[in-house]
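Asker: A structural model of the following input is requested.
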Amino acid sequence: MSILNPKHYVPMQHHEYSWWNTTKCGRKYLRVFGINKIGTMLTTKCKVSNDYNDCRTDSDWKNDRFVEMMREAWPYFKAYRGRTFVVVLCAEIIESNNLGAILEDISLLHGLGIKFVLVPGTHVQIDSLLVEKGCEPKYVGRYRITDPDSLKAEMDSAGRITQMIQAKLSPGPSLNNIRRHGYNSRSHESVGVASGNFLAAKKRGVVEGVDYGATGEVKKIDVPRIRENLDAHSIVILSNLGYSSSGDVLNCNTYEVATACALALEAEKLICVIDGPILDKMGRLIRFLTLEDADRLIRERAQQSEIAASYVRATGEEDSTKSQNGNGCSSTFQNGVGFDHGNGFWFSGFAIGGQERLSRSNGYLSELAAAAYVCRGGVQRVHLLDGNIGGVLLKELYQRDGVGTMVASDLYEGARSAEVTDLEAIRQLLKPLEDSGTLIRRTDDEMLNALGSFVVVERENHIIACAALIPFYNDNCGEVAAFVVSPDCRGQGQGDKLLEYIEKKASANGLRTLFLLTTRTEDWFVRRGYSECSIESIPDERRKRINRSRGSKCYMKQLLPDTSGIRVNNSFAE
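Answerer: Below is the predicted model of the structure:
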């Protein structure tokens with residue numbers, strides 16, 4: 001930003017420029033830059049209400065921001081360590097200038113303990129090679145007809161892309177940056193990269209009179225060998241070249257390979273790095289979709305896309321069953337990695353590659369269908385990221401709200417506002433804590449009157465957790481009360497799910513602060529961002545009703561503005 005931009009700076013003297021800013025706590029300060037004759041910034045001063053305050057240089061502000069960033073990212077470091085992420089790099093990104101930076105970030109994340117399987121797209125490179133040779137790419141629907149020329153182009157493209165990725169992953173961290181901290185080695189170990197015949201496939205064959213040549217369908221993923229390489233700290237590159245039992249090389253679909261791999265490895269995430277954002281009808285980024293939301297969106301637009309129509313056919317209600325881990329639904333799984341080829345998704349025409357690059361014009365419905373389908377199979381999170389955004393992987397994975405579109409199968413699963421029929425179940429949850437004196441006993445009338453403030457978590461028709469959110473709108477704050485998780489379900493993350501749901505509900509209702517009174521559970525809430533405060537900090541209306549003889553301590557948390565796009569039921573029952 002230009003130092004002399006008159007839109008931002010007001011000249012004070014011939015060599016000083018300044019503007020008013022505001023600190024996080026709302027205090028205004030005047031920031032003044034000294035400028036020499038050639039426009040170079042020399043010093044920085046801060047004045048608060050015309051009084052001199054602590055001098056702050058740009059380096060100070062940068063360091064503070066770094067500290068904030070590290071603290072925000074810290075919880076994710078441990079959460080992701082040892083987890084497996086399957087990453088699709090679409091062919092357009094492979095061809096772009098952004099690939100190097102993306103692979104550099106993957107190398108960084110690999111160093112933090114994340115296990116990666118990379119599945120690169122090749123259709124752009126295949127088509128380019130065919131055009132160079134005077135051959136025309138051939139498709140039927142979304143499937144490529146892989147004739148001998150196309151297969152040769154695919155083998156050339158896959159080999160070159162694999163070698164290029166290996167080369168770009170080889171450099172380690174800059175030695176200049178780490179020598180000052182005692183690292184004096186003149187060499188470094190490059191990132192280990194493994195590739196091989198991890199993919200068994202079978203020919204698509206002749207379908208409705210069309211011979212697809214060497215086009216293949218995924219038959220099996222060699223899970224033990226992939227895990228062996230991941231455990232040996234290597235990044236695995238899984239190309240879309242499959243190998244048949246008769247020794248043929250087959251050209252499989254990139255997303256079919258990635259989806260089968262994510263399901264077979266029971267990956268934590270499937271990440272699709274594509275060449276644009278997922279937008280709604282108004283051109284705004286869709287930040288979050290539940291599995292149900294994604295399913296509904298795809299079905300609404302099924303007429304616009306063969307892929308979406310295939311998704312609807314493959315996931316029809318009559319063919320859906322509960323997934324093995326209880327998350328979402330899935331069509332029949334037969335071989336553990338693929339689907340029943342008589343009724344499965346891929347048999348129905350689920351192919352992403354080639355001419356599906358119409359995806360950009362139809363809102364990436366193909367990728368959304370892949371995301372929803374893999375969530376049905378048990379992968380909890382799918383991220384659809386615009387690879388043109390610098391540092392998109394870091395921004396998505398290590399910030400609360402991210403910069404892409406997340407499709408999730410289990411976020412807030414079962415959390416909802418309480419109903420009258422839940423009253424007895426809530427009473428049963430509260431009773432042991434009321435008997436022990438941890439919670440204040442409520443009469444039936446008090447419970448019925450407060451029911452509109454309760455949120456419950458339901459699993460398999462049983463209420464397993466509950467809590468109340470009591471708003472104080474005049475004070476822009478709310479109270480968290482009666483927070484209970486069934487003893488049988490503790491240690492499963494249900495409390496975190498419930499608390500986060502309540503915090504988002506509070507934020508959606510314009511509340512800026514949450515507080516709670518507790519006698520025994522302060523440690524749990526402190527670990528989740530609540531800090532002890534004075535009883536005088538809470539609204540007068542609530543303070544007058546406190547039973548001081550209980551000796552309850554008060555804890556409070558400031559709520560950050562919610563830009564995640566995650567929706568909760570933000571209404572309070574009358």
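Asker: now the spatially closest residue to residue 169 that is not a sequence neighbour: how far from residue 165?
Answerer: Nearest residue to residue 169 in three dimensions, chain neighbours excluded: residue 191, at 4.6 Å (C-beta to C-beta, 6 or more residues apart in numbering). Every C-beta, even on glycine, is put in place using the N, C-alpha and C of the backbone. Separation of residue 191 from residue 165 (C-beta to C-beta, to the nearest Å) stands at 10 Å.
Asker: contacts only, for the closest residue to residue 389 other than its chain neighbours.
Answerer: In space, and not counting its chain neighbours, residue 389 is closest to residue 403: 5.9 Å by C-beta to C-beta, 6+ apart. Listed by C-beta atoms under 8 Å, 6 or more residues apart in numbering, the contact set of residue 403 reads 385, 386, 389, 392, 395, 396.
Asker: picking that back up, pull the number of nearby residues for the residue nearest to residue 169.
Answerer: 21 (other C-beta atoms under 10 Å).
Asker: for residue 281, same thing?
Answerer: The number of residues packed near residue 281 is 6, by other C-beta under 10 Å.
Asker: what's it sitting at in phi/psi?
Answerer: The phi and psi torsions at residue 281 (degrees, to the nearest 10) take the values phi -70, psi -20.
Asker: strands of the stretch 451-574 of the chain, start to end?
Answerer: 454-459, 462-472, 477-485, 513-518, 531-533, 553-558 (DSSP state E, counting those that start in this stretch).
Asker: and residue 216, which of those is closest to it?
Answerer: strand 454-459 (40.2 Å; C-beta to C-beta).
Asker: which parts of the closest one are buried?
Answerer: For strand 454-459, burial by neighbour count (16 or more other C-beta atoms under 10 Å) applies to 454, 455, 456, 457, 458.
Asker: same check on stretch 139-158?
Answerer: Buried residues in stretch 139-158 (16+ other C-beta under 10 Å): 140, 142-147, 149-155, 157-158.
Asker: keeping just the C-alphas, turn stretch 488-504 into PDB.
Answerer: What follows is stretch 488-504, C-alpha atoms only, in PDB (Å, rounded to 0.1, in the frame of the first residue of the first chain):
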ATOM      1  CA  ASP A 488     -22.300 -43.600  28.800                       C
ATOM      2  CA  CYS A 489     -21.400 -41.100  26.000                       C
ATOM      3  CA  ARG A 490     -18.700 -39.100  27.700                       C
ATOM      4  CA  GLY A 491     -15.300 -39.000  26.000                       C
ATOM      5  CA  GLN A 492     -16.900 -39.200  22.600                       C
ATOM      6  CA  GLY A 493     -16.900 -35.400  21.800                       C
ATOM      7  CA  GLN A 494     -20.600 -35.000  22.500                       C
ATOM      8  CA  GLY A 495     -20.000 -32.200  25.000                       C
ATOM      9  CA  ASP A 496     -17.800 -30.300  22.500                       C
ATOM     10  CA  LYS A 497     -20.400 -30.700  19.800                       C
ATOM     11  CA  LEU A 498     -23.200 -29.400  22.100                       C
ATOM     12  CA  LEU A 499     -21.100 -26.500  23.400                       C
ATOM     13  CA  GLU A 500     -20.100 -25.400  19.900                       C
ATOM     14  CA  TYR A 501     -23.700 -25.700  18.700                       C
ATOM     15  CA  ILE A 502     -24.800 -23.400  21.600                       C
ATOM     16  CA  GLU A 503     -22.000 -20.900  20.900                       C
ATOM     17  CA  LYS A 504     -23.000 -20.700  17.200                       C
END
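Asker: would you map out the domains in this protein?
Answerer: 10-56, 68-172+191-408, 415-558 (automatic domain parsing).
Asker: and the second one, how far from the chain's centre?
Answerer: Which is domain 68-172+191-408. Relative to its parent chain, domain 68-172+191-408 has a centroid offset of 15 Å by C-alpha atoms, centre = their mean, to the nearest Å.
Asker: and the end-to-end length of that domain?
Answerer: With C-alpha to C-alpha, to the nearest Å as the measure, domain 68-172+191-408 spans 27 Å from end to end.
Asker: same deal with stretch 455-471?
Answerer: Note: stretch 455-471 ends 13 Å apart using C-alpha to C-alpha.
Asker: hmm, who's touching it?
Answerer: 413-418, 422, 425-426, 429-430, 450, 453-454, 477-486, 488-489, 494-495, 497-499, 501-502, 505-506, 509, 511, 572.
Asker: buried ones in that stretch?
Answerer: Residues of stretch 455-471 classed as buried by neighbour count (16+ other C-beta under 10 Å): 455-458, 463-471.
Asker: save those residues as a markdown table, and put in distance to residue 530 too.
Answerer: Compiled in a markdown table, the buried residues of stretch 455-471 are given as follows (distance: C-beta to C-beta, whole Å):
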| residue | distance to residue 530 |
| --- | --- |
| 455 | 18 |
| 456 | 22 |
| 457 | 20 |
| 458 | 26 |
| 463 | 24 |
| 464 | 23 |
| 465 | 18 |
| 466 | 19 |
| 467 | 14 |
| 468 | 16 |
| 469 | 14 |
| 470 | 16 |
| 471 | 18 |
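Asker: and of those residues, the nearest to residue 296?
Answerer: Among the buried residues of stretch 455-471, and counting by C-beta to C-beta, the member closest to residue 296 is residue 458, at 20.8 Å.
Asker: what's across from that closest one in the sheet?
Answerer: residue 463 (DSSP bridges).
Asker: circling back: would you list the domains of the chain in JSON lines and tack on mean pLDDT and distance to residue 62?
Answerer: Converted to JSON lines, the domains of the chain look like this (pLDDT from 0 to 100; distance: least, C-beta to C-beta, whole Å):
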{"stretch": "domain 10-56", "mean pLDDT": "44", "distance to residue 62": "10"}
{"stretch": "domain 68-172+191-408", "mean pLDDT": "81", "distance to residue 62": "10"}
{"stretch": "domain 415-558", "mean pLDDT": "91", "distance to residue 62": "24"}
